[in-house]
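Novice: Provided below for reference: sequence and predicted model.
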Amino acid sequence: MSVRVRFAPSPTGYLHIGAARSALFNWLYARHMGGKFLLRIEDTDLQRSTDESTRSILEGLAWLGLDYDEELVFQSDNAPKHRAAALRLIEEGRAYRDFTPKAERTDSNIKQEIAERARAHSATGFDHRSNPFRDLSKEESDRRAAAGEPFAVRLKVPREGSSRFTDAVYGEQERDFSEIEDLVLLRSDSHPLYNLSVVLDDIEMGITDVIRGQDHLTNTHKQVLIYDALGARVPRFAHLPLILAPNKAKLSKRKHGEVVSLTTYRDRGFVPAAFRNFLALLGWSPPEGKEIMTKEEMIENFSLEAIGRANAVFNFSETDPRQWTDAKAIWMNAEYIRTMPMQDLLPMVRAELESSKLWRDEYADEKQAWFEKTVDLIRQRFFTLKDFSGQGRAYFADDFEMDEAAVKKNLKKEPRLKELLPALAERMEKVEPFTVETSEAALRDFAESTGVKAGLLINAARTALTGQSVGPSMFDVFAAIGRERSAQRLRRAAEII
RNA sequence: GGGGCAUUGGUGUAACUGGUUAACACGCCGCCCUCUCAAGGCGGAGAGUAGGAGUUCAAGUCUCCUAUGCCCUACCA
């Protein structure tokens, strides 16, 4: 039977990087096995689900290059079926109606409330399995239901024995039934609950392998119970270690902000392939330690067996803007930018320039050769696509900022530059043709004849032409900026000394 | 309170069924290159594998205890 996996996010906000990684692993597994990767939007939480969130999830997956097969499934569409299944379970005696009035929860410190309840129960010797309605006669139950009394539907968890399954990552899992409460399948307002819905949808979608976050590991036992009650075949499970914040705390939007959102990486100039590659390394270690991988290599090498069990820390600093996200992610992006095929990079640079109003149609036309050469030149020391419009602005526009420190260090420190720069400009204007070699020869010649070090002029020129103290080899810059604009900028720099 | 899972340098990971000085990547430091900054090359610091006990000729690898973290314990997903 061919593999069918799914990614099932709930549309309650942006796409979290942890969820994105789950999607990636599912996708890799499906592609590796020659199976299908399906997408299901778990929008059963009507209050919190939004269309905007669904859109952003779809966008995020597309950005990462994770294409899904078949029709997109919306869980809410299946609610009637889920309800019917729960009711059927009552008929079969595998579930029962619980007429206990619904307890109101404050929702704020729900975790604490649950823990306290459990503590109280264990102190009084109360058994959570002693639900008085579990053994209510069928007739009595039907009668009260017919009379319109509201009820929740609970699964009848067997009294004796234990639930077990083998997790592809975590190994053998066992949990005694005594630790599992008769879980609610259907709320008293007839709204189907998560555990029921996932199972039913996974069955209907023919899911063979469930790959998801480790936070569902203990829930899986409940789901196995539901599969059994339904008489359905239990899929293979593979739980993924979690991605944690630097202090090993849970990574959350409220506490950690935009670093956890996938769209942040798109907006801040990440190359999709680079981020995908980085994400793949969180929890999975490719064979032979080859970390930089093309999409094809990743698919080829992927296996559930090579996934680790310990949670990974997403390392970033909340105070240092240079370490706003994991250093390895930044390195990976730079690595991709400077080594990826130009044909793949060019459209991304174009998009970046367009969005910052630096794009000119001639770059795709008569100046295409110049454009490609320039991008190839400056990509070497860029970290994100944003750098093409930021640090790289001087190559595409005449209005660029002069870095104060650079001006001080390379221009103002030597007063003689006020005269030297215009003279150099004049000298450069005579160079024909104006190339890397000829500009270098001219500058060095000029330095010698005026008795100053070439380095002084080179560094001054760098700041004059680009506004910065760092950048590519200066003669490449001269050639890229061109003779006239170079001369112009040398003179303009002299004015501010 | 109960239960599950995890724990290898700062971070991500490796180390076949226990077997030489615990490996790789990122980060950090230094040198080389050099017009700057990167890249690249070379080298270095940094863990004795959470702590403790045990099994063994031999343990990161097996057992137990403790600690810590995460998750579950909901008519949330």
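Specialist: Here it is on my side, so go on.
Novice: Any residues of the stretch 351-497 of chain A in contact with RNA strand B? List them.
Specialist: The stretch 351-497 of chain A comes close to RNA strand B at residues A:380-381, A:454-455, A:458-459, A:462, A:469-476, as judged by Cβ under 7 Å from any atom of the strand. C-betas here are computed from N, CA, C, even on glycine.
Novice: Stretch A:264-283: which residues count as buried?
Specialist: Buried residues in stretch A:264-283, counted by 16 or more other Cβ atoms under 10 Å: A:264-266, A:268-283.
Novice: Show the overlap between those and what lies near RNA strand B.
Specialist: Counting by Cβ under 7 Å from any atom of the strand, A:281-283 from the buried residues of stretch A:264-283 sit close to RNA strand B.
Novice: Kindly present these as TSV, with separate columns for pLDDT and secondary structure.
Specialist: Below are those laid out as TSV (pLDDT from 0 to 100; DSSP: H, G, I helix; E, B strand; the rest coil):
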residue	pLDDT	secondary structure
A:Leu281	95	coil
A:Leu282	94	coil
A:Gly283	93	coil
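Novice: rewinding a little: drop anything exposed from the residues of the stretch 351-497 of chain A next to RNA strand B.
Specialist: With neighbours counted by 16+ other Cβ under 10 Å, those contain buried members at A:458-459, A:462, A:471-472, A:474-476.
Novice: can you map out the helices along the stretch 101-250 of chain A?
Specialist: With helices called from DSSP state H, counting those that start in this stretch, the stretch 101-250 of chain A shows them at A:110-124, A:138-146, A:194-204, A:219-230.
Novice: Distance from the chain centre to the longest one, please.
Specialist: Taking Cα atoms, centre = their mean, to the nearest Å, one finds the center of helix A:110-124 at 36 Å from the center of the full chain.
Novice: for the record, mean pLDDT for it?
Specialist: Helix A:110-124 carries an average pLDDT of 74.
Novice: do the last one as well
Specialist: The average pLDDT for helix A:219-230 rounds to 95.
Novice: How far does it sit from its chain's centre?
Specialist: The mean C-alpha position of helix A:219-230 is separated from the chain mean by 30 Å, Cα atoms, centre = their mean.
Novice: Please find the angle between the direction vectors of it and helix A:194-204.
Specialist: Counting by axes from the mean of the first three to the mean of the last three Cα atoms, to 10 degrees, helix A:219-230 lies at 60 degrees to helix A:194-204.
Novice: Summarise which helices and strands helix A:219-230 is packed against.
Specialist: On a contact count with 3 or more Cβ pairs under 8 Å, 6 or more residues apart in numbering; DSSP states H and E, helix A:219-230 meets helix A:79-91, strand A:152-155, strand A:162-167, strand A:171-176, helix A:194-204.
Novice: make it 7 Å
Specialist: If you count contacts as 3 or more Cβ pairs under 7 Å, 6 or more residues apart in numbering; DSSP states H and E, helix A:219-230 packs onto strand A:152-155, strand A:162-167, helix A:194-204.
Novice: go on, the shortest one?
Specialist: For helix A:138-146, the contact count by 3+ Cβ pairs under 7 Å, 6+ apart identifies strand A:95-98 as packing neighbours.
Novice: quick one on the thing from earlier: could the buried ones among the residues of the stretch 351-497 of chain A next to RNA strand B go into TSV alongside secondary structure?
Specialist: Formatted as TSV, those follow (DSSP: H, G, I helix; E, B strand; the rest coil):
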residue	secondary structure
A:Ile458	helix
A:Asn459	helix
A:Arg462	helix
A:Gly471	coil
A:Pro472	coil
A:Met474	helix
A:Phe475	helix
A:Asp476	helix
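Novice: so how many other residues sit close to A:Gly482?
Specialist: As a burial measure, A:Gly482 scores 12 neighbours (other Cβ atoms under 10 Å).
Novice: Run through the strands of chain A in chain order.
Specialist: Here chain A has its strands, by DSSP state E, at A:4-7, A:36-41, A:73-74, A:95-98, A:152-155, A:162-167, A:171-176, A:184-186, A:209-213, A:236-240, A:243-244, A:312-313.
Novice: Each with direction, which strands does the fourth one pair with?
Specialist: It refers to strand A:95-98. Strand A:95-98 has the following strand partners under DSSP bridges: strand A:152-155 (antiparallel).
Novice: The third one too?
Specialist: Based on DSSP bridges, the pairing partners of strand A:73-74 within the sheet are strand A:36-41 (parallel).
Novice: mean confidence score for the partner strand?
Specialist: For strand A:36-41, mean pLDDT is 97.
Novice: Residues in contact with that strand: which ones?
Specialist: Residues outside strand A:36-41 that contact it (Cβ atoms under 7 Å, 6 or more residues apart in numbering) are A:4-9, A:11, A:26-27, A:30, A:54, A:68-70, A:72-75, A:201, A:205.
Novice: Dump the helices of the stretch 101-250 of chain A into TSV; add distance to A:Asn247 and mean neighbour count as well.
Specialist: Formatted as TSV, these follow (distance: least, Cβ to Cβ, whole Å; neighbours: other Cβ atoms under 10 Å):
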stretch	distance to A:Asn247	mean neighbour count
helix A:110-124	19	11
helix A:138-146	50	13
helix A:194-204	29	22
helix A:219-230	26	20
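Novice: least trustworthy helix or strand in chain A by mean pLDDT?
Specialist: Scoring the helices and strands of chain A by mean pLDDT, DSSP states H and E places helix A:110-124 at the bottom, with a mean of 74.
Novice: Checking the biggest helix by length in chain A against RNA strand B, do any of its residues make contact.
Specialist: Determined from DSSP state H, the single longest helix within chain A is helix A:17-33. No - on the criterion Cβ under 7 Å from any atom of the strand, helix A:17-33 is out of touch with RNA strand B, staying 9.8 Å away.
Novice: tell me the mean pLDDT over that helix?
Specialist: Helix A:17-33 carries an average pLDDT of 96.
Novice: coming back round to it: ok, which of the helices and strands packed on helix A:219-230 comes nearest A:Leu346?
Specialist: Set against A:Leu346 and scored by Cβ to Cβ, those come closest in helix A:194-204, at 41.9 Å.
Novice: Now do the residue nearest to A:Glu372 when sequence neighbours are not counted against RNA strand B, distance only.
Specialist: Distances taken as Cβ to Cβ, 6 or more residues apart in numbering put A:Met342 closest to A:Glu372, at 6.2 Å, once the chain neighbours are dropped. A:Met342 sits at a distance of 16 Å from RNA strand B (criterion: Cβ to the nearest atom of the strand, to the nearest Å).
Novice: What is the burial count for A:Met342?
Specialist: For A:Met342, using other Cβ under 10 Å, the count is 12.
Novice: Report pLDDT for it.
Specialist: Here, the pLDDT recorded for A:Met342 equals 96.
Novice: what sits against A:Tyr265?
Specialist: Taking Cβ under 7 Å, 6+ apart as the criterion, A:Tyr265 is in contact with A:Phe275.
Novice: my read: A:Ala280 touches A:Ile299, true?
Specialist: No - contact criterion Cβ atoms under 7 Å: A:Ala280 and A:Ile299 do not qualify, at 10.4 Å.
Novice: on that earlier part again, in JSON lines: the helices of the stretch 101-250 of chain A, plus distance to A:Gln47.
Specialist: Below are these laid out as JSON lines (distance: least, Cβ to Cβ, whole Å):
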{"stretch": "helix A:110-124", "distance to A:Gln47": "15"}
{"stretch": "helix A:138-146", "distance to A:Gln47": "27"}
{"stretch": "helix A:194-204", "distance to A:Gln47": "14"}
{"stretch": "helix A:219-230", "distance to A:Gln47": "21"}
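Novice: Compare those and report which one is nearest to A:Pro433.
Specialist: Nearest to A:Pro433 among the helices of the stretch 101-250 of chain A is helix A:194-204; the distance by Cβ to Cβ comes to 67.6 Å.
Novice: For that closest one, name the packing helices and strands.
Specialist: So helix A:194-204, by 3+ Cβ pairs under 7 Å, 6+ apart, packs with helix A:79-91, helix A:219-230.
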